[in-house]
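A.B. asks: Kindly return the folded structure for what I paste below:
(chains A, B and C)
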Amino acid sequence: MPEHPAHVAPRGPRRIAHVLVDSPLPQLDRLFDYVVPPELADEAAPGVRVKVPLRSAGRVIQGFIVALGEEADEERALSEIDTVVSAAAVLPDRLYRLARAVADRAAGSANDVLRLAVPRRMVRAEKAWLAQTTSASAEEAPMEASSLERARDILGEYPGLDDALEASGRVALDARPGVSGSVPAWASLLAAAAVARLARGESAVIAVPDHRDLARLEAALAELAPAESVVRLDAELPAQERYANYLRTLDEAPVIAIGNRSVVYAPVTRLGLLALWDDGDSLFDEPLAPYVHARDAALVRQSLEGGALVFCGHSRSSDVQRLVEIGFLTEPAPARRVTPKIVLGAPQDTPATGRIPSAAFRSAREAIASGPVLVQVARPGYAPTLVCGECRAPARCAHCGGPLFAPARGATPTCAWCARDARGWQCSQCEATTVRLASSGSERTADELGRAFAGVRVVVADGAHPVETVDGSPALVIATRGAEPVAEGGYRAVLLLDGDRMLQAPDLRIGESCLRWWSNAAALAAPGAPVHLVAVTGPVARALATWSQPAYARGELLERAPLKMPPAVRIARIEGDAPQVDEALVRLGADAPRLAPDAVIGPVPAPEVSGRKRARALVRFEYALGPAVAASLRASVVAAAVSSRARRVRGPAEPGRSRPPANTLSVRLDVADPEL
DNA sequence: AGCACGCCGACT
DNA sequence: GTCGGCGTGCTC
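C.D. replies: Numbers count the residues shown, from 1 in each chain, chains lettered A, B, ... in the order given. Sure thing, here's the model as predicted:
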């Protein structure tokens, strides 16, 4: 029994709150302990927002109580919690653990992950939620027996899938091509999987790349799931609704949460299914720190919370294929293989009009009598690139040197950078004054085909003019890749036009991307409708023609392994003040001695920031070394942030100019384009 | 980020 | 003998 001085009243153990403070500083990315004062004891529960004193960032800072504890009174000096912001427990323990694990994997801060997961607080929505949870909580939405039966029918197309899902399996699922009504088959499949989990009282989370896919998934769920159980979580929602929906996922009653990349963090209760549609889409690549791809976040989450994990697509990303090959994912096969009818243009097939071979043209002409025909092109606009009419050099803006394009038929060339029109243009190479259209955009294709198919309705769909669906009546639908509308009953013919141009992009993954774009467009065809891939030969064309996307992904992986390119290995990029980059590499050598001798590329000089010499390096590492590499790089980031007095050197040098990054060392894991 | 602590030069 | 420069380190 410890002695107490007479003037201090002996007290029992005190309540302690472990608090995650909301600060961007990497050195504060850990839990801080505070005393819970007796008057806050009722409200200070795990998950609530609090304000706490911290010797920085003003006097008080926002944070979340992550957990509570007790300890003897006199062990150490602690500050008290200042305020409980609201009694709403909006950060459940499972979400904190997920954020922590995802941040650790990416050498980032838990706060940065939580910023993606927890929408901005809206007091009105929060009050409504608090009132509702206390009165009518945990009421389960009734599920119609016929819906569940339909869901089971759909899942039955893949013998073994239901078992795999029940056993919290992890699967790579090749979606059946086709549409029923205006709903693509993939959307019905994922909706059915979600409904099957919901029927067992478990939640589902489904992430899709963009809002058009979200609308399709929503349509599929409308046919199968109780409306009260489907919760949209995406950035397009009004702030109040978004926060209300977030709070809804915290309820005891299971939900189907759908949205774009960050929905993978939705903190639903009893996660039974976590699914990604079309994981090869670059929209799943998170552009905010710590830059974690939704696929990786999903992998981390499934390892923590269990439940089934599904990567579904018409094509196979090399990343998912890697997981298949190491035995992490299984591939449930469909009972009946359904493939679109792909027609590769014969080399001797001469174009009847413009860039369309005669066979494809005939095919379109026959099909258009009975319904819509899809024409996929690479780029929007009229003529996206212009060249000199004489010497064929790219036409450049006289003012800024930017590339010129033609906004419409016969229009004056315009600069793509500065938007000036190039009246009186003259070639800088040969002084000619005429330009030539070097490429066709969707508008020009629509123009040309509209004349060839006189009297037919023409629909143009691209990023700027999105079209969700078209009906089943005859129409020419010209769409840029990725923007294809769904046609009711499927397209009667599909023409994939600019394949050769698309394949030429200087991108490590261009083959994979093209196969994805083409497969997704082909999947919109009606059963038996011809899909013409024009002017492309080689492995990607063969993979499409034989509908063997997994085999193509496998080939990609085999090619990249000896080159040490992702996803065969992981790659980290380190950038910062030259001495700190050097220091980080030294530390890495000590922390991860099993790194290959050629793991580090660089460092090379990077552009100076306010007069400081900067450097950049890449590190290639095996997946097994991930934890060691991430921890080491994180330690370097913290060390650099703590010791950095660089910003003081800056002083009065530049008044209002853009300030250099707060951290003098920045680290990014799993870079998509491994360029120094 | 901010703010306190601490160890050398100029001061009433 | 004291005030205050900013370099260094930490934040419950």
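A.B. asks: wait, what's in contact with the residue most central in space within chain A?
C.D. replies: Centrality entry for chain A: nearest residue to the mean C-alpha point is A:F284, 1.2 Å, by CA atoms, centre = their mean. By CB atoms under 8 Å, 6 or more residues apart in numbering, A:F284 lies in contact with A:A207, A:P209, A:R261, A:L276, A:H293, A:A294, A:R295. Bear in mind the C-beta positions are built from the backbone N, C-alpha and C, glycine included.
A.B. asks: what number of residues lie near the nearest residue to it once chain neighbours are set aside?
C.D. replies: Nearest non-adjacent residue to A:F284, counting by CB to CB, 6 or more residues apart in numbering: A:A294, 4.2 Å away. Using other CB atoms under 10 Å, A:A294 is surrounded by 24 other residues.
A.B. asks: Next one: the closest residue in space to A:D471 that isn't next to it in sequence from A:A72, what distance?
C.D. replies: Excluding the flanking residues, the one nearest A:D471 by CB to CB, 6+ apart is A:E488, at 5.2 Å. Going from A:E488 to A:A72 by CB to CB, to the nearest Å gives 71 Å.
A.B. asks: out of these two, which sits in the busier spot?
C.D. replies: Remark: of A:E488 and A:A72, A:E488 carries more neighbours, 19 against 11, as counted by other CB under 10 Å.
A.B. asks: Report whether the expected contact of that one with A:A475 is present.
C.D. replies: No - if you go by CB atoms under 8 Å, A:E488 and A:A475 don't touch, sitting 10.8 Å apart.
A.B. asks: where does the residue of the stretch 201-350 of chain A found nearest DNA strand C land in three-state SS?
C.D. replies: Nearest residue of the stretch 201-350 of chain A to DNA strand C, counting by CB to the nearest atom of the strand: A:A289, 18.3 Å away. Three-state call for A:A289 (DSSP: H, G, I helix; E, B strand; the rest coil): coil.
A.B. asks: hang on, isn't it packed against A:D112?
C.D. replies: Yes - assessed by CB under 8 Å, A:A289 is found in contact with A:D112 at 4.7 Å.
A.B. asks: which residues does the residue nearest to A:D471 contact?
C.D. replies: By CB under 8 Å, 6+ apart, the contact set of A:E488 is A:V179, A:G181, A:S182, A:T469, A:V470, A:D471, A:G472.
A.B. asks: Need the buried ones from those residues selected in ChimeraX.
C.D. replies: Filtering the contacts of A:E488 down to the buried ones (16 or more other CB atoms under 10 Å) takes a single ChimeraX command:
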select /A:179,182,469,470,472
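A.B. asks: Is it possible to get JSON lines of the contacts of A:E488 that adds pLDDT and distance to DNA strand C?
C.D. replies: Shown next, in JSON lines, are the contacts of A:E488 (pLDDT from 0 to 100; distance: CB to the nearest atom of the strand, whole Å):
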{"residue": "A:V179", "pLDDT": "96", "distance to DNA strand C": "56"}
{"residue": "A:G181", "pLDDT": "92", "distance to DNA strand C": "58"}
{"residue": "A:S182", "pLDDT": "92", "distance to DNA strand C": "55"}
{"residue": "A:T469", "pLDDT": "95", "distance to DNA strand C": "54"}
{"residue": "A:V470", "pLDDT": "96", "distance to DNA strand C": "58"}
{"residue": "A:D471", "pLDDT": "95", "distance to DNA strand C": "61"}
{"residue": "A:G472", "pLDDT": "94", "distance to DNA strand C": "64"}
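A.B. asks: Return the subset of the contacts of A:E488 lying in strands.
C.D. replies: Secondary structure defined by DSSP state E assigns A:V179, A:T469, A:V470 of those to strands.
A.B. asks: beta partners of the first one?
C.D. replies: To tie it back to what came earlier, the one meant is A:V179. A:P184 (DSSP bridges).
A.B. asks: The second one now?
C.D. replies: Legend: beta-bridge partners of A:T469 under DSSP bridges are A:V486.
A.B. asks: remind me, longest helix of chain A?
C.D. replies: Secondary structure of chain A read by DSSP state H shows that its longest helix is helix A:626-643.
A.B. asks: Need the contact partners of that helix.
C.D. replies: Here helix A:626-643 makes contact (CB under 8 Å, 6+ apart) with A:25-27, A:104-108, A:570, A:572, A:574, A:576-577, A:580, A:583-584, A:587-588, A:590-592, A:594-595, A:619, A:621, A:662-667, A:669.
A.B. asks: of the residues you listed, buried ones?
C.D. replies: A:25-26, A:104-108, A:570, A:572, A:574, A:576-577, A:580, A:583-584, A:588, A:591-592, A:595, A:619, A:621, A:663-667, A:669.
A.B. asks: check these against DNA strand C, which are close?
C.D. replies: A:L25 (CB under 7 Å from any atom of the strand).
A.B. asks: Narrow the buried ones among the contacts of helix A:626-643 to those in helices?
C.D. replies: Checking these against DSSP H, those in helices are A:D104, A:R105, A:Q580, A:E583, A:A584, A:L588, A:D591.
A.B. asks: quick check, nearest of those to DNA strand B?
C.D. replies: DNA strand B lies nearest to A:Q580 out of those, by CB to the nearest atom of the strand, at 13.7 Å.
A.B. asks: Distance check, the closest one against A:L669.
C.D. replies: 17 Å.
A.B. asks: Is the nearest residue to A:R336 once chain neighbours are set aside in a helix, a strand, or coil?
C.D. replies: Counting by CB to CB, 6+ apart, A:R336 lies nearest to A:E157, which is 7.3 Å off, once chain neighbours are set aside. Put simply, A:E157 is coil when judged by three-state DSSP.
A.B. asks: State the number of residues packed around A:E157.
C.D. replies: The burial count for A:E157: 17, using other CB under 10 Å.
A.B. asks: Could I get the pLDDT score of it?
C.D. replies: Looking at A:E157, its pLDDT is 95.
A.B. asks: I'd assumed A:A335 was in contact with it.
C.D. replies: Yes - with contact defined as CB under 8 Å, A:E157 reaches A:A335; the gap is 6.0 Å.
A.B. asks: What strand or helix carries A:R115?
C.D. replies: Per DSSP states H and E: A:R115 is located in helix A:110-117.
A.B. asks: Contacts for that helix next, please.
C.D. replies: So helix A:110-117 is contacted by A:20, A:22-24, A:29, A:64, A:91, A:95-96, A:98-100, A:102-103, A:262, A:265-267, A:286, A:288-290, A:292 (CB under 8 Å, 6+ apart).
A.B. asks: Now do it, average pLDDT.
C.D. replies: pLDDT averaged over helix A:110-117 gives 96.
A.B. asks: would you put the C-alpha positions of that helix in CSV?
C.D. replies: C-alpha atoms of helix A:110-117 as CSV (Å, rounded to 0.1, in the frame of the first residue of the first chain):
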residue,chain,number,x,y,z
ALA,A,110,-3.8,6.1,-39.9
ASN,A,111,-5.3,9.6,-40.0
ASP,A,112,-4.8,9.8,-43.8
VAL,A,113,-6.7,6.5,-44.2
LEU,A,114,-9.5,7.6,-41.9
ARG,A,115,-9.9,10.8,-44.0
LEU,A,116,-10.9,8.5,-46.8
ALA,A,117,-13.2,6.4,-44.6
